[in-house]
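Asks: Structure, please.
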Amino acid sequence: MRGLAALVAAGSVWIVVVGVVRTRPFRLSIPRMLPRAVATGLLVGGASFLLALALLGTPVPAISIGIVASSLPLQAASVRRQREMQDAAGAWPDLLAHVRSSIAAGRTVPDAYLDAARRVGGPFSATYDDVQREVLFGGGFGFAMDLVRRDFSDATADRVTATLKIADQSGGTRVGEVLASLSASVADELRLRQAHDAAMSEQRWTGAVALIAPWVILALSIATNPQAAIAFDTAGGALVVVIGLAATLVGALLARRSASLSRTPRMFR
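Replies: Next comes the predicted model:
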């Protein structure tokens, strides 16, 4: 049973590092985490394992608790990344408004974008120098928009950058009307997305509690009941813990997958 628990732990580490679970007929993907988040997760998991082992005295539940605890910093990093993407997407209407006003004043689309990015700042400051260099000395405005799209990695950025590229290539008198329609569409999409996220926040908290609560109850039962500690130190008890750990991991992956289904699909990757 200890070998089986170690195998499950190795599989969990593989999921965290590689970020992909390939199954048939579908594929579950987990975004790659920052090295700091991975290191923090390993430290938290290791400390939780040692603490659980010292308090409970049974290795398999301690390993499982350590694995569950190691996922908490990774989940926090994922939530933080999602919030940063939402904040970045919320800046597009302001940028488009500045671009429209600059184009109405007679500027070209690249000049209008650079002026708008400088005024709005925020998430556009990170790529401003790269965009300016590509527009003036590099591959042109289209290649610069590809850099912005890859930096934002969001469906809204895909739409806006593709429209700006086409507007720069085609030109004409209807560029302002196209950008006005795009700005209104992006603003409506962002309002719907914010309302959806607010409605889903309670479900996310409920799901998190449902995943963590069984392990808290398990730790309390083993720590306060010597008979439970003896039962979970046997082969049958260890098998129950391993099955519970597998169910927790699968449930977390399916919850992440179901949450991603409501997101706007990206035009480009």
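Asks: could you pull out the helices for this protein?
Replies: 2-18, 35-56, 59-89, 92-104, 109-120, 125-137, 141-152, 155-170, 175-224, 226-232, 235-261 (DSSP state H).
Asks: Does anything pack onto the fifth one? Which helices or strands?
Replies: Secondary-structure packing of helix 109-120 (3 or more C-beta pairs under 8 Å, 6 or more residues apart in numbering; DSSP states H and E): helix 92-104, helix 125-137, helix 141-152, helix 155-170. Quick note: C-beta positions are derived from backbone N, CA and C, even for glycine.
Asks: quick one: buried residues of it?
Replies: Using 16 or more other C-beta atoms under 10 Å as the test for burial, helix 109-120 gives 109-110, 112-117, 120.
Asks: about what we covered before: just send the helices and strands packed on helix 109-120 back as TSV, with mean neighbour count too.
Replies: What follows is the helices and strands packed on helix 109-120, written out as TSV (neighbours: other C-beta atoms under 10 Å):
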stretch	mean neighbour count
helix 92-104	20
helix 125-137	15
helix 141-152	19
helix 155-170	20
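Asks: Export these as CSV, with columns for distance to A255.
Replies: Converted to CSV, the helices and strands packed on helix 109-120 look like this (distance: least, C-beta to C-beta, whole Å):
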stretch, distance to A255
helix 92-104, 29
helix 125-137, 31
helix 141-152, 25
helix 155-170, 21
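Asks: Mind putting these into a markdown table with distance to V68 and mean pLDDT?
Replies: Shown next, in a markdown table, are those (distance: least, C-beta to C-beta, whole Å; pLDDT from 0 to 100):
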| stretch | distance to V68 | mean pLDDT |
| --- | --- | --- |
| helix 92-104 | 38 | 88 |
| helix 125-137 | 35 | 88 |
| helix 141-152 | 32 | 89 |
| helix 155-170 | 32 | 86 |
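Asks: Quick check: end-to-end length of stretch 223-236?
Replies: Its start and end residues considered, stretch 223-236 measures 19 Å (C-alpha to C-alpha, to the nearest Å).
Asks: list the buried ones in that stretch?
Replies: 228-229, 232-233.
Asks: Reformat those residues into CSV and put distance to S153 and pLDDT next to each item.
Replies: Listed next are those as CSV, based on distance: C-beta to C-beta, whole Å; pLDDT from 0 to 100:
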residue, distance to S153, pLDDT
A228, 47, 85
A229, 47, 84
F232, 43, 86
D233, 47, 84
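Asks: show me the contacts for the closest residue to P110 other than its chain neighbours.
Replies: Closest residue to P110 apart from its sequence neighbours, by C-beta to C-beta, 6 or more residues apart in numbering: F141 at 4.3 Å. Residues counted as contacts of F141 (C-beta atoms under 8 Å, 6 or more residues apart in numbering) are 109-110, 113, 134-135, 164-165, 168.
Asks: who wins for proximity to S258 among the helices and strands packed on helix 109-120?
Replies: helix 155-170 (17.9 Å; C-beta to C-beta).
Asks: And the contacts of that closest one?
Replies: By C-beta under 8 Å, 6+ apart, the list of residues contacting helix 155-170 reads 88-89, 92, 95-96, 99, 108-110, 113, 141-142, 145-146, 148-149, 175, 178-179, 182, 185-186, 189-190, 263-268.
Asks: Swap in 7 Å and give it another go.
Replies: For helix 155-170, the surrounding residues in contact (C-beta atoms under 7 Å, 6 or more residues apart in numbering) are 89, 92, 96, 109-110, 113, 141-142, 145, 148-149, 175, 178-179, 182, 186, 189, 264-268.
Asks: before we move on, what about stretch 198-216?
Replies: 65, 68, 244, 248, 251-252, 255.
Asks: So which bits of that stretch are buried?
Replies: 207, 211, 215.
Asks: Look up the pLDDT of the residue nearest to A252 when sequence neighbours are not counted for me, please.
Replies: Of all residues not flanking A252 in the chain, L211 sits nearest, at 6.1 Å (C-beta to C-beta, 6+ apart). pLDDT recorded at L211 is 81.
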